[in-house]
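Chemist: have a look at this fold, sequence not included:
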């Protein structure tokens with residue numbers, strides 16, 4: 001149940017961030033930079049210190065294939081759909097680009113829900129930490145959704161409807177992943193590897209560049225390293241039963 005609860009929080013954070021951006025109350029560049037650095041530290045520590053090693057223990061080479069596959073899946077999704085393209089409401093976006101953009105965010109949010117569900121199967125501490133990282137990560141993504149829709153002259157009702165539906169995708173995917181029986185350690189190792197690859201891509205390819213470009217400040221780098229080391233140390237020290 002931890003996974004579903006954290007997924008619901010992440011979905012709520014995503015939708016709330018979109019609605020706040022719709023009202024013109026989005027986070028400033030400094031806050032976006034710091035939140036991205038914080039989330040990147042958590043997600044990368046989880047990917048490389050917890051999920052990938054556990055996947056290797058359970059599934060061996062299958063976990064390696066899952067890790068690479070999860071990383072590649074999100075890369076291709078964002079390449080073809082531009083799911084993380086950032087716009088301000090003043091920029092112009094062609095309406096024909098909205099379909100691929102929303103599709104990309106749908107796949108992205110479903111992936112986040114899947115990661116939370118797999119984390120629940122692996123360990124309780126992993127579930128809570130993945131949930132925290134996904135929650136922090138989803139807020140700037142929600143802001144991006146509202147900005148792109150507004151830049152494409154979408155109405156406020158459409159922005160609200162899309163934000164709520166995409167937010168619901170996260171707990172829906174988590175619930176399905178938790179409910180679906182995993183046949184054997186090998187399959188669980190593969191899925192855990194996929195979850196690690198997804199988190200590694202989000203942290204390294206999206207959050208870290210965001211932390212460095214949103215606001216030029218050394219504190220964001222220090223915050224990332226501190227969060228990475230503290231999370232990694234905690235994962236190593238805490239029991240994972």
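Modeler: Okay, I see it. Because the structure is a prediction, the values reported are computed rather than measured.
Chemist: helices of this structure, residue ranges please.
Modeler: Ranges of helices in the chain, per DSSP state H, are 2-22, 29-45, 52-59, 61-81, 98-122, 124-151, 156-179, 185-201, 208-214, 218-237.
Chemist: residues making contact with the third one?
Modeler: The set of residues that contact helix 52-59 without belonging to it, under CB atoms under 8 Å, 6 or more residues apart in numbering, is 62-64, 66-67, 122-123, 185-193, 195-196, 200, 240. Backbone N, C-alpha and C define where each C-beta goes, glycine included.
Chemist: returning to that earlier point: any chance of the helices of the chain in TSV, with mean neighbour count and mean pLDDT too?
Modeler: Formatted as TSV, the helices of the chain follow (neighbours: other CB atoms under 10 Å; pLDDT from 0 to 100):
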stretch	mean neighbour count	mean pLDDT
helix 2-22	23	82
helix 29-45	23	78
helix 52-59	20	84
helix 61-81	18	85
helix 98-122	23	74
helix 124-151	24	71
helix 156-179	19	87
helix 185-201	25	82
helix 208-214	19	75
helix 218-237	15	86
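Chemist: skipping its backbone neighbours, what lies nearest residue 70 in space?
Modeler: Among residues not flanking residue 70 along the chain, residue 197 sits closest, at 2.9 Å (CB to CB, 6 or more residues apart in numbering).
Chemist: mind checking how far residue 43 is from residue 194?
Modeler: Applying CB to CB, to the nearest Å, the value for residue 43 to residue 194 is 14 Å.
Chemist: repeat for residue 184
Modeler: From residue 184 across to residue 194, the span is 15 Å (CB to CB).
Chemist: about what we covered before: dump the residue contacts of the residue nearest to residue 70.
Modeler: Counting by CB under 8 Å, 6+ apart, residue 197 touches 47, 66-74.
Chemist: one more time with 6 Å, if that's ok
Modeler: 67, 70-71 (CB atoms under 6 Å, 6 or more residues apart in numbering).
Chemist: do residue 198 as well
Modeler: Residue 198 makes contacts with 70, 74, 111, 115, as judged by CB under 6 Å, 6+ apart.
Chemist: got a markdown table for the contacts of residue 197, with distance to residue 52 too?
Modeler: Formatted as a markdown table, the contacts of residue 197 follow (distance: CB to CB, whole Å):
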| residue | distance to residue 52 |
| --- | --- |
| 67 | 6 |
| 70 | 10 |
| 71 | 11 |
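Chemist: now flag whichever of the residues you listed is closest to residue 15.
Modeler: Nearest to residue 15 among the contacts of residue 197 is residue 70, at 24.8 Å by CB to CB.
Chemist: contacting residues around that closest one?
Modeler: When contacts are counted by CB under 6 Å, 6+ apart, residue 70 touches 194, 197-198.
Chemist: can you redo those as TSV with distance to residue 131?
Modeler: Formatted as TSV, these follow (distance: CB to CB, whole Å):
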residue	distance to residue 131
194	18
197	18
198	14
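Chemist: looking at these, which is nearest residue 30?
Modeler: Proximity of the contacts of residue 70 to residue 30 (CB to CB) peaks at residue 198, which lies at 27.5 Å.
Chemist: quick check: closest non-adjacent residue to the closest one.
Modeler: That would be residue 70: by CB to CB, 6+ apart, it lies 4.4 Å from residue 198.
Chemist: what pLDDT does the model give residue 23?
Modeler: With respect to pLDDT, residue 23 scores 73.
Chemist: state the distance from the nearest residue to residue 132 once chain neighbours are set aside to residue 229.
Modeler: Nearest in space to residue 132, with sequence neighbours left out and distances taken as CB to CB, 6+ apart, is residue 42 at 6.2 Å. Residue 42 sits 11 Å away from residue 229, taking CB to CB as the criterion.
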